[in-house]
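[1] Predicted model, plus sequence, below.
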Amino acid sequence: MFDDQQAPQLRLFVISDSIGETAQRMIHATLTQFPDISQIEIKKYPFIKNEEELMHILNRAKELNAVVVTTLVNPDFNIAGQHLAKKLQIPYIDYMSDLIGIIQQQTQCNPILESGALRKLDENYFKRIEAMEYAVKYDDGKHFTDIGEADALIVGVSRTSKTPLSMYLANKGYKIANIPLVPEVDIPDEVFKHKHLKVFGLTASPDYILNIRNERVKILGLSGPSNYNSMDRIREELIHAEEVFEKLNATVINTEYKSIEESAFYIEKCL
């Protein structure tokens, strides 16, 4: 906020019949192109309910020499706002009307003209939330009771990206369970009961896994050799993993130097 003695270099009014989130994002993205503008005032006018309120704000914008940025869905508000802005010679940016009109013309589809539609919680949103909760619950072999609900089961030795991959896919709406493979622990019977379960086995070369585990040991502040980052132990785990992959008829993915997105893309193609 600035007083009259320290007027901002740029004053912006954000007007919306919702919360104005879309306009604010566009403004902030645009302002990054002007790092030399140090004094900026942004006033927000959300949830505009009538034309009288809109007219009052535009008159105030004229008094303060403000640039008006709108995301008004209501067509009557837009027409009235554009008309007065032209009359008062106010810089007026309407982020919604032109694009809505173009899309309507190109597709012959009518817009719903519903304020706040961007923030409506839809079925896909709830699906993602449910999938993420599932992935957290079934991470690292913690639970097996409802493992049959999973869209996919990921298995692999430690440090082959099981958890990051599970969470990435969960954020896209897939229910993913993952189980770490160690020679001393058998795969639970619940897994074998679900013949339809799609299983993906993650693997990598012994050298690659050793390097990652060595870095992990450093981060944890541990010193000295351990079974965790022993080459012999890693080879033993990988041999056991191959046996499990065969038992579960798993699709094997080598995650060595692959991004999470690459591995996820391959799994999605198989789901």
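    Thanks, I have the structure now. Numbers count the residues shown, from 1 in each chain.
[2] going forward, measure contacts between C-alpha atoms and count neighbours the same way
    Fine.
[3] how many other residues sit next to the nearest residue to V136 once chain neighbours are set aside?
    Counting by C-alpha to C-alpha, 6 or more residues apart in numbering, V136 lies nearest to M167, which is 7.8 Å off, once chain neighbours are set aside. One way to gauge burial is a neighbour count; for M167, by other C-alpha atoms under 10 Å, it gives 23.
[4] From K269, how far off is M167?
    Here the criterion is C-alpha to C-alpha, to the nearest Å. By it, M167 lies 17 Å from K269.
[5] picking that back up, to which secondary structure element is the residue nearest to V136 assigned?
    Using DSSP states H and E, M167 maps to helix 162-170.
[6] I'd like the next helix or strand past that helix.
    Next along from helix 162-170, by DSSP H and E: strand 176-180.
[7] who does that following strand pair up with?
    strand 152-156 (parallel) (DSSP bridges).
[8] just to revisit the earlier point, now do the same contact list for the residue nearest to V136.
    Taking C-alpha atoms under 8 Å, 6 or more residues apart in numbering, we find M167 in contact with 132, 135-136, 176.
[9] Over to T163?
    Listed by C-alpha under 8 Å, 6+ apart, the contact partners of T163 are 139-140, 178.
[10] ok, and the most crowded of those residues?
    With neighbours set by other C-alpha under 10 Å, the maximum within the contacts of T163 is found at N178, which has 29 neighbours.
[11] Do I have it right that that residue meets I154?
    Yes - taking contacts as C-alpha atoms under 8 Å, N178 lies within contact range of I154: 4.5 Å.
[12] got the CA positions of the lowest-mean-pLDDT helix or strand in the chain in PDB?
    Every helix and strand of the chain was ranked by mean pLDDT, DSSP states H and E. The lowest is helix 97-107, at a mean of 82. As requested, C-alpha coordinates have been extracted for helix 97-107 and formatted as PDB (Å, rounded to 0.1, in the frame of the first residue of the first chain):
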ATOM      1  CA  SER A  97     -14.400 -12.600 -22.900                       C
ATOM      2  CA  ASP A  98     -12.300 -12.700 -26.100                       C
ATOM      3  CA  LEU A  99     -11.000 -16.200 -25.600                       C
ATOM      4  CA  ILE A 100     -14.500 -17.500 -24.500                       C
ATOM      5  CA  GLY A 101     -15.900 -16.000 -27.700                       C
ATOM      6  CA  ILE A 102     -13.200 -17.400 -29.900                       C
ATOM      7  CA  ILE A 103     -13.600 -20.900 -28.400                       C
ATOM      8  CA  GLN A 104     -17.400 -20.700 -28.800                       C
ATOM      9  CA  GLN A 105     -17.000 -19.700 -32.400                       C
ATOM     10  CA  GLN A 106     -14.500 -22.400 -33.200                       C
ATOM     11  CA  THR A 107     -16.300 -25.200 -31.500                       C
END
